[in-house]
Every structure is written in C-alpha cells, then in structure tokens.
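[1] next come a sequence and a model predicted from it.
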Amino acid sequence: MSLAGEKPVVLADCPELPAGVSYDAQVAFALKGIEGSDEGVQLLYKASSKGGKAAISTLLEQVIERGEAGEQDLCPIVVLGTSSYKHKKYGKIYTPVMAVDEWTDLPDGDSEPVAEPVAALAEPVVEPAAKPTRKRARA
C-alpha cells in the first residue's frame with residue numbers, strides 16, 4: 001500500500017504468494033474530519049475496488065490540475081457519499097463519491113500531521129483454502 005501521490009509499490013519487490021493468490025492495486029489517502037461528530041477524527045481512506053480507485057484518482061487529478069494552474073488552495077474539503085449502479089450479475093453495486101465542497105490552503109508546517117505514513121508492505125495474510133465439502137445424497 002502506498003499513499004496517493006507517492007511512489008507505487010513495485011510487484012517485483014513484493015513477497016511471492018502461493019498459487020491462486022495474487023496482489024491487487026490499492027490506493028489510500030489521509031482524511032481529517034472538520035465538523036460535527038467527525039471533527040478532529042483522522043483516518044486513512046483505502047480502496048482496492050474499481051469505483052474506489054476511480055474516485056481517488058479523480059480527486060488527485062483535480063489537485064494536480066489546480067497545482068498546474070497556479071492555484072494556492074490545493075487541499076480539498078470533501079463530502080463523502082455513495083452512488084450505485086445495477087450490475088447484470090451482482091445486482092446493485094455501490095461506489096464512493098468524493099464531492100469537493102471547497103478548496104483551502106495546505107496546513108502549515110507547524111500543524112499536526114493528518115495521519116502517520118503507511119508502514120512498509122507487510123507480509124500478506126494468506127488464509128488457508130477451505131476444505132472441499134462433500135454433499136451426500138439420500139437414496
């Protein structure tokens with residue numbers, strides 16, 4: 001796992017996994033609640049789903065565009081929500097929505113960090129394969 005905007009994890013550097021188990025790309029970024037019951041709450045938003053990665057990518061692209069345009073306010077104030085679509089096979093699929101409410105200046109260097117950096121990639125947790133079950137038929 002690497003934070004959005006940081007160097008991505010290189011698969012070749014990851015530990016080898018057992019047959020049938022694979023790594024999947026993930027993205028993450030730090031959030032801090034600014035009002036209501038979430039005020040001051042710090043979290044690390046992580047996503048590995050297609051919709052989650054797309055929402056984070058869109059938000060990061062907006063930040064980059066503003067920076068390239070010379071804007072000073074590069075810290076988005078977002079409202080987290082959801083959307084959904086109907087999948088032919090799986091039914092209703094929910095996707096995250098990160099709507100930018102406003103933009104603000106990045107926190108000063110003397111302010112408390114939003115979140116600790118993500119630790120280096122740890123050994124993957126590989127759960128043992130489930131034992132096959134046998135169905136018994138009654139005659």
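    In hand now; what should we look at? Residues are numbered from 1 along each chain as shown.
[2] which stretches of the chain form helices?
    50-68 (DSSP state H).
[3] helices or strands next to the lowest-mean-pLDDT helix or strand in it in the packing?
    Of all helical and strand segments in the chain, the minimum by mean pLDDT, DSSP states H and E falls on strand 27-32, at a mean of 85. If contacts are counted by 3 or more CB pairs under 8 Å, 6 or more residues apart in numbering; DSSP states H and E, strand 27-32 sits against strand 42-47, helix 50-68. For glycine as for every other residue, the C-beta is placed from the backbone atoms N, C-alpha and C.
[4] of all these, which one comes closest to residue 24?
    Across those, residue 24 has its closest neighbour in helix 50-68 (9.8 Å, CB to CB).
[5] in the closest one, what's buried?
    51-53, 55-56, 59, 63, 66 (16 or more other CB atoms under 10 Å).
[6] list just the nearest of these to residue 16.
    Within the buried residues of helix 50-68, distances to residue 16 taken as CB to CB reach their minimum at residue 53, with 24.3 Å.
[7] any idea how far residue 26 lies from residue 73?
    28 Å (CB to CB, to the nearest Å).
[8] of those two, who's got more company?
    Shown here are residue 26 and residue 73; by other CB atoms under 10 Å, residue 26 has more neighbours (17 against 12).
[9] count of residues packed around residue 77?
    Residue 77: 13 neighbours (other CB under 10 Å).
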